[in-house]
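Student: compute the structure for the input listed below.
(4 chains)
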There are 2 protein chains.
Amino acid sequence: MKKINSNDIARLAGVSRSTVSRVINGYSNVPDETREKVMKVIKEHHYYPQLSGQLLTGMTTKTIGLFWFGPSTIARDPLTSSYFMHIIDAATQRGYLVLSCVLENLTDKKNINYVRKIFMEGRIDAGIFVGVNNNEPLIDELVEADKIVGLFDYFHENEESPNKLSVNFDPASAEQTVDYLYSLGHRKIAIIDGDFTRRSCVQRHESYLRGMMKHNLPIKNKWQAYGGIYQSTGYIAAKEMLSACMDDLPTAICANNDPVAFGVYKACAELGLRVPEDISVVGNDGHPNARHASPPLTTSEFNFREMFFSLTNRVIDTIEEKENVPSTEFIPSVFVERESCRPVEN
Amino acid sequence: MKKINSNDIARLAGVSRSTVSRVINGYSNVPDETREKVMKVIKEHHYYPQLSGQLLTGMTTKTIGLFWFGPSTIARDPLTSSYFMHIIDAATQRGYLVLSCVLENLTDKKNINYVRKIFMEGRIDAGIFVGVNNNEPLIDELVEADKIVGLFDYFHENEESPNKLSVNFDPASAEQTVDYLYSLGHRKIAIIDGDFTRRSCVQRHESYLRGMMKHNLPIKNKWQAYGGIYQSTGYIAAKEMLSACMDDLPTAICANNDPVAFGVYKACAELGLRVPEDISVVGNDGHPNARHASPPLTTSEFNFREMFFSLTNRVIDTIEEKENVPSTEFIPSVFVERESCRPVEN
DNA sequence: CTGAAAGCGCTTACAG
DNA sequence: CTGAAAGCGCTTACAG
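Tutor: You can find the predicted model right below:
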């Protein structure tokens, strides 16, 4: 049994292919009678227009690529894996499909070519990138080639382009954290920084500095460390930093994100420091585990669903050539006070 | 600047489109000199053959669909979300892309049409289904229409088809669990069952019965309950079952899976029953959290990576028309003894 | 309101 | 080893 095509439908319905196409694409200038006649034949023969033919006439794929960079163990993390769902949910609501690619990094020549090929061969209408370093050359190359690109937590030095959309974290969250700690009486506030190839980590560092300067608090090298973005790396950084200043400990630590804060918890426990009795800790993100950590973690909570819906919807708006699509959005945080901090005497 | 096509490349390289196509598709009957000449032009002009054209000539999409049914909160669960990564990893290794669809269920008419359309319009070469009820009519319909379908934990009554591939859990894991509990002296062994629309849950129930009968142990209604597949539902079932038989408690509980076992933990705690001092609990799956539960959960551990690699690879083998692809595979479990059970006097 | 025709970009027999 | 031609399935101006 040969597969049926629009020609067959046209013949069976006694119309031309043009009319079949008009019915399928919902053109208004088709009388109800004709429409029903054609639809009946389509239904009866379980006809579906082939994407291959449609694409060739310039229709879009209704597919967006999701390019995800990081160790594939990220799937274990409930926050990170929720990104996936948010993007898929948002795309599905707009009638788009998601092609997912997970790669270790975007520095490997092989991976760059892989991503480039997916864009260039016309599989997708746009791509969303998660976990890309700032100023990634491929991003600019794609935009240059008129591709639409959505970026999560990304900074680009080059000029803006309507095809380069991004969503970012509220840049003031760390300052709020310092304000909060200051109000509790803390004066010796340390920071465990993230990965400075990510926009948010730079922002959080700068925001911390602003907060410290505003309150005239001492910014000391020994109270700063690079902790990456994972629990494991945060743990190492905190252990090292705290071990080196046991004679003059900070009274509070701002962690780049919640997993790092969990690493700080672990380091503190091993050094015999109780949280919050001996040292206060604040995270960043609003990780699902923050609430259940012991002690429950005080943190700046972000609405990741909102972030990914914003990004995905603006990417799709751009595909659909809507006007005045904002190219960057910053999503505000909500400071959530739990039990990982306590007041300090001065 | 108009986009370049194979015609342009042919002209620029001084050959015919046929030759360009031969070079791109790696045909052997092209002299090195010609090949290099053509490749040079392709590189220079950043030419990528368009999928739309290739598809129309009958080439495959090199894409598999991933159809996932369940609440979108499943992304929060580290085990469930790892399925995604395993499938994507396996597909990527074979040079395939993954189109991911997440839907609440496959009973809604709208969702059925959505999935059907994706198959029929020629977007994908095959589809993998996770979370589908046994004997789902759409599955048979797709196979009937000559589509290739991969199924995780699925049972079908209809005849086998080379286009219907599945991977399933070892059907003897619950029997092993009963053997183990028996060896510890347990004689009153309860079960919290899963969702009988899933093959594994039926298997586990039957396997439990076989174990119980083998050892001549009492099978009592009051020691059986439906607990679903989530922690929340397992908790409710366990609470209800245990509350109803406080005068004649089982000494051990087989949970359909690890999340359900965590629900049992919670129910026990609320009823003042200590695990394992008052009651022993065994799970099923090898959930990442089982190790860190308190007490660490004894369970039948499955290699999910192996399961999804097996399924994905056999699906791709079928797309590529390999011979003798096994249509069903059962992946064995490894019984992992931790601290949730203890010996009992008789 | 509708059809004939052109065209999208590619690959694959076929012929040489 | 290579090219001219046919054909894949569709949509979209264009003309009526």
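Student: mind listing what's buried in stretch A:39-47?
Tutor: A:V41, A:I42, A:Y47 (16 or more other Cβ atoms under 10 Å in any protein chain shown). No exception for glycine: its C-beta is placed from N, CA and C like everyone else's.
Student: identify the residue nearest the geometric centre of chain A.
Tutor: Geometric centre of chain A, nearest residue: A:F152, 4.0 Å, by Cα atoms, centre = their mean.
Student: re the thing from before, looking at the buried residues of stretch A:39-47, which is nearest chain B?
Tutor: A:Y47 (8.6 Å; Cβ to the nearest Cβ).
Student: isn't there a strand covering that closest one?
Tutor: No: remark: A:Y47 does not belong to a strand; assigned using DSSP: H, G, I helix; E, B strand; the rest coil, it is coil.
Student: wait, it sits on A:N7?
Tutor: No: look at A:Y47 against A:N7 with Cβ atoms under 8 Å: they stay out of range, at 10.7 Å.
Student: now the common contact residues for the two.
Tutor: Overlap of the contact sets of A:Y47 and A:N7 (by Cβ atoms under 8 Å, 6 or more residues apart in numbering or on different chains) is empty.
Student: what separation is there between A:K3 and A:K37?
Tutor: To A:K37, A:K3 is 22 Å away according to Cβ to Cβ, to the nearest Å.
Student: comparing the two, which residue is more hemmed in?
Tutor: A direct count of neighbours by other Cβ atoms under 10 Å in any protein chain shown for A:K3 and A:K37 places A:K37 higher, at 17 against 13.
Student: and the helix or strand containing that one, what's its mean pLDDT?
Tutor: Secondary structure assignment for A:K37, by DSSP states H and E: helix A:32-44. Average pLDDT, helix A:32-44: 92.
Student: quick one on the thing from earlier: just name the closest of the buried residues of stretch A:39-47 to A:K147, please.
Tutor: Closest approach between these and A:K147, by Cβ to Cβ: A:Y47, at 32.5 Å.
Student: next, the one residue in chain A that gets nearest to DNA strand D: phi, psi?
Tutor: Nearest residue of chain A to DNA strand D: A:G53, at 2.4 Å (Cβ to the nearest atom of the strand). Main-chain dihedrals, A:G53, degrees, to the nearest 10: phi -70, psi -40.
Student: give the contact list for it.
Tutor: A:S6, B:L56.
Student: residues in contact with the closest residue to A:I189 other than its chain neighbours?
Tutor: Nearest residue to A:I189, sequence neighbours excluded (Cβ to Cβ, 6 or more residues apart in numbering or on different chains): A:A252, at 4.8 Å. By Cβ under 8 Å, 6+ apart, the contact set of A:A252 is A:L181, A:L184, A:H186, A:K188, A:I189, A:A190, A:I279, A:S280, A:V281, A:V282, A:C341, A:V344.
Student: cutoff 10 Å now
Tutor: Taking Cβ atoms under 10 Å, 6 or more residues apart in numbering or on different chains, we find A:A252 in contact with A:177-178, A:180-182, A:184-191, A:223, A:276, A:279-282, A:340-342, A:344.
Student: picking that back up, beta partners for the residue lying closest to the residue nearest to the centre of chain A once chain neighbours are set aside?
Tutor: Closest residue to A:F152 apart from its sequence neighbours, by Cβ to Cβ, 6+ apart: A:V130 at 4.7 Å. Counting by DSSP bridges, A:V130 is bridged to A:W68, A:F152.
Student: equivalent analysis for A:V98, please.
Tutor: A:I64, B:S100.
Student: that one touches A:T63, doesn't it?
Tutor: Yes: A:V98 lies in contact with A:T63 (Cβ atoms under 10 Å); the separation is 7.2 Å.
Student: what about the two, which has more around it?
Tutor: A:V98 (24 against 19).
Student: which ones are touching that one?
Tutor: Contact analysis of A:V98 by Cβ under 10 Å, 6+ apart lists A:63-66, A:84, A:87-92, A:124, A:128, A:312, B:66, B:98-102.
Student: quick check: pLDDT value at it.
Tutor: 97.
Student: ok, now the one 3 residues further on?
Tutor: In this prediction, A:C101 carries a pLDDT score of 94.
Student: helices or strands next to the helix holding A:K37 in the packing?
Tutor: Secondary-structure packing of helix A:32-44 (3 or more Cβ pairs under 10 Å, 6 or more residues apart in numbering or on different chains; DSSP states H and E): helix A:6-13, helix A:17-24.
Student: what about it and DNA strand C, touching?
Tutor: Yes: applying Cβ under 7 Å from any atom of the strand, one finds helix A:32-44 touching DNA strand C at A:T34.
Student: report the inter-axis angle for that helix versus helix A:17-24.
Tutor: Put simply, helix A:32-44 runs at 90 degrees to helix A:17-24, going by axes from the mean of the first three to the mean of the last three Cα atoms, to 10 degrees.
Student: quick one: helix A:32-44 to helix A:6-13, angle?
Tutor: Going by the same axes, to 10 degrees, helix A:32-44 makes 120 degrees with helix A:6-13.
Student: quick one on the thing from earlier: surely the residue nearest to A:F152 is in contact with A:I74?
Tutor: Yes: A:V130 lies in contact with A:I74 (Cβ under 10 Å); the separation is 9.5 Å.
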